[in-house]
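**Student:** following is a predicted model, sequence given first.
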Amino acid sequence: MATLRVLLPALSRCADDPLLRDWLRRGDRLPAAAPGRESVLREAFEWPGKTLPAAALTREALAGDAGDTPWLCADPAHVQPDLAGARMLACGSLDLDAGEAAELAAPLRPLFGDQGLLLELTEPARWHLRLQRGTPVPDFDPPAVVLGADLLAHLPAGPDGRRWRALFNEAQVILHQHPRNAQRRAAGRMTVNCIWLWGGGTLPDWVRSTQTHVVSEDPLLRALAQRAGAVQASDVATLPELPRDAHGLLDLAAADAARLAAALAAGEAALRRGRIDAIELASGDGSRARLRRWHRWRFWRRAS
């Protein structure tokens with residue numbers, strides 16, 4: 001029985017889509033899950049350990065050299081001071097090219113190198129920090145949790161976090177004084193005035209999933225799918241042609257309104273033609289629902 005699992009943003013962000021409203025009206029509401037991206041990923045994938053080692057997974061997927069050492073994501077970010085402290089306004093998506101990324105990272109390498117840490121520019125928007133074996137991994141929250149929030153509340157606390165708080169602050173000072181940032185500021189572009197460390201850990205020995213086919217632009221989800229051996233596609237149009245025993249995963253959590261509407265329409269067409277038997281909806285706010293083919297006869301139901 002082919003099924004399609006659709007990952008959505010919080011329902012409040014896509015409430016205007018008429019097809020989605022119709023699906024929620026016709027389908028069965030399921031018990032809610034914990035909100036957040038990691039909760040959604042844990043429903044689709046399984047890996048050893050209690051934490052999600054995003055850094056090692058994405059480094060292995062993009063560069064193939066994660067090995068058995070611990071890693072941290074060290075993504076370029078922009079924070080803005082306010083009366084309460086500072087807030088992160090962007091992380092990763094700062095329109096950096098390879099030359100700019102290399103310039104900005106150059107003075108940071110000695111800072112981390114003196115601590116036995118190696119800064120790697122895996123991609124212009126995605127940096128990684130290689131830790132020495134046995135180095136305790138700090139507990140930084142993922143960017144999705146930190147964006148828009150008070151930054152200081154998400155730095156690692158206590159004596160164990162002191163080293164990382166100091167490195168974070170020193171990196172901020174270096175980047176604030178960087179001439180490339182002065183050029184970006186003069187051009188009206190967002191500066192790269194900090195790097196956010198998160199997703200620490202070593203590459204898991206295995207990742208398992210019941211998902212056999214995956215469409216996503218998220219590097220972390222794609223890394224999990226690669227590790228689990230799922231077939232990856234770049235076009236939503238491939239999912240309605242799933243094999244009869246397939247389980248597809250369609251990630252629309254970051255899709256704009258037009259792409260969301262087109263993808264949902266393709267899913268509806270596949271459901272009506274019997275190419276898939278059920279569509280499962282998982283939103284970032286924890287809402288869950290299931291739509292089966294015969295639910296199209298529930299025209300009498302009112303929107304909840």
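**Tutor:** Looks like it arrived, so ask away. Residues are numbered from 1 along each chain as shown.

**Student:** strands of the stretch 201-304 of the chain, residue ranges please.
**Tutor:** Using DSSP state E, counting those that start in this stretch, the strands of the stretch 201-304 of the chain run over residues 213-215, 231-233, 247-251, 278-283, 288-292.

**Student:** my bad, the stretch 1-150 of the chain
**Tutor:** Under DSSP E, counting those that start in this stretch, the stretch 1-150 of the chain gives strands at 3-8, 28-30, 71-82, 85-91, 118-123, 126-130.

**Student:** of the strands of the stretch 201-304 of the chain, which is nearest Ala74?
**Tutor:** Closest approach to Ala74 among the strands of the stretch 201-304 of the chain (Cβ to Cβ): strand 247-251, 24.0 Å. (C-beta placed from N, C-alpha, C; glycine too.)

**Student:** elements contacting that closest one?
**Tutor:** strand 3-8, strand 213-215 (3 or more Cβ pairs under 8 Å, 6 or more residues apart in numbering; DSSP states H and E).

**Student:** and the contacts of it?
**Tutor:** 2-7, 44, 210-218, 221, 225, 230, 236, 239, 242, 263, 267, 276 (Cβ atoms under 8 Å, 6 or more residues apart in numbering).

**Student:** excluding chain neighbours, what is closest to Leu242?
**Tutor:** Spatial nearest neighbour of Leu242, chain neighbours left out: Ala2 (4.6 Å); criterion: Cβ to Cβ, 6 or more residues apart in numbering.

**Student:** can you check Asp68 too?
**Tutor:** Thr202 (6.0 Å).

**Student:** hmm, back to that, closest to Ala98 out of the helices and strands packed on strand 247-251?
**Tutor:** Nearest of the helices and strands packed on strand 247-251 to Ala98, taken as Cβ to Cβ: strand 213-215 at 27.0 Å.

**Student:** returning to what we had before: list the contacts of the residue nearest to Leu242.
**Tutor:** Contacts of Ala2 (Cβ under 8 Å, 6+ apart): Leu242, Pro243, Arg244, Asp245, Ala246, His247, Gly248, Arg275, Ile276, Asp277.
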